[in-house]
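Enquirer: Here is my input; please provide its structure:
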Amino acid sequence: MDRRQWLGGTVALGCLVALPLGAAIGQGAVSERVLGDPDAPVTIIEYSSLTCPHCAAFHTDTLPALKERFIETGQAKIVYRDFPLDQNALNAAVIAHCAGENRYFAFLEAMFASQERWARSSDPTESLLQLAGLGGIPREQAEACLADDAMLDAVLQTRLDGQEEYSISSTPTFVINGEVVSGNRSVDEFATVIEAALP
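Expert: Below you'll find the model as predicted:
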């Protein structure tokens with residue numbers, strides 16, 4: 001099963017997805033991205049799709065308060081893991097990785113903030129290439145990244161690993177020191193789980 005068949009075989013309802021098992025996915029690697037102190041006592045693993053509106057709401061409305069309260073104070077860190085729901089989300093994830101470690105989270109923020117514009121445009125790939133250019137990635141580099149099969153397959157492998165390890169079936173889903181929390185919750189709801197996980 002090739003990548004297009006694998007993505008095309010998913011059933012997305014809002015941000016819910018059914019993942020066909022046994023898909024043939026490459027074993028390439030993308031670097032794991034961490035926001036906050038790598039030694040923070042609480043680890044928040046976030047599985048998100050860049051075309052998921054609930055994920056965008058988390059990043060624009062909820063995450064800023066969590067950053068101020070827990071991440072900037074060194075109590076928690078976020079490990080972002082891709083869980084693309086469609087081809088456009090896969091392409092966006094690859095471009096974010098191409099931005100490099102120092103600009104990765106800035107690209108995520110920009111993509112989530114402008115999600116309705118680029119994801120619903122008549123040509124989402126072209127919109128992503130324009131967004132990449134605004135962020136300082138030359139068009140040729142962005143196009144090369146989108147053509148990099150190893151990177152594309154590695155992003156899909158991250159999704160498959162999340163589905164198998166934590167039974168991820170919707171986005172956003174968070175794993176907070178081992179506890180699975182589905183959906184974008186209020187800051188106070190997240191705080192309850194994070195504070196319970198603090199030593």
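
Enquirer: drop to CA atoms for contacts and neighbour counts, all remaining ones
Expert: Will do.

Enquirer: wouldn't Pro38 be in contact with Glu72 here?
Expert: No: in this structure Pro38 lies outside contact range of Glu72 using CA atoms under 8 Å: 11.7 Å.

Enquirer: Flag the shaky bits of this structure, pLDDT-wise.
Expert: 1-29 (pLDDT under 70).

Enquirer: Which parts of it are strands?
Expert: Taking DSSP state E as the test, the strands found in the chain are 11-13, 16-18, 33-35, 42-48, 76-82, 173-176, 179-182.

Enquirer: Now mean neighbour count and distance to Gln163 too, for those, in JSON lines please.
Expert: JSON lines is the format used below for the strands of the chain (neighbours: other CA atoms under 10 Å; distance: least, CA to CA, whole Å):
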{"stretch": "strand 11-13", "mean neighbour count": "14", "distance to Gln163": "14"}
{"stretch": "strand 16-18", "mean neighbour count": "17", "distance to Gln163": "10"}
{"stretch": "strand 33-35", "mean neighbour count": "17", "distance to Gln163": "19"}
{"stretch": "strand 42-48", "mean neighbour count": "25", "distance to Gln163": "10"}
{"stretch": "strand 76-82", "mean neighbour count": "23", "distance to Gln163": "11"}
{"stretch": "strand 173-176", "mean neighbour count": "22", "distance to Gln163": "11"}
{"stretch": "strand 179-182", "mean neighbour count": "16", "distance to Gln163": "12"}
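
Enquirer: Dump those strands into JSON lines; add distance to Asp149 as well.
Expert: Output for the strands of the chain, formatted as JSON lines (distance: least, CA to CA, whole Å):
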{"stretch": "strand 11-13", "distance to Asp149": "23"}
{"stretch": "strand 16-18", "distance to Asp149": "23"}
{"stretch": "strand 33-35", "distance to Asp149": "20"}
{"stretch": "strand 42-48", "distance to Asp149": "21"}
{"stretch": "strand 76-82", "distance to Asp149": "16"}
{"stretch": "strand 173-176", "distance to Asp149": "26"}
{"stretch": "strand 179-182", "distance to Asp149": "30"}
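
Enquirer: Indicate which one of those strands is closest to Phe112.
Expert: Phe112 lies closest, by CA to CA, to one member of the strands of the chain: strand 42-48, at 10.5 Å.

Enquirer: any residues touching that closest one, and which ones?
Expert: Contact partners of strand 42-48, identified using CA atoms under 8 Å, 6 or more residues apart in numbering, comprise 55, 75-84, 162, 168, 171-177, 194, 197-198.
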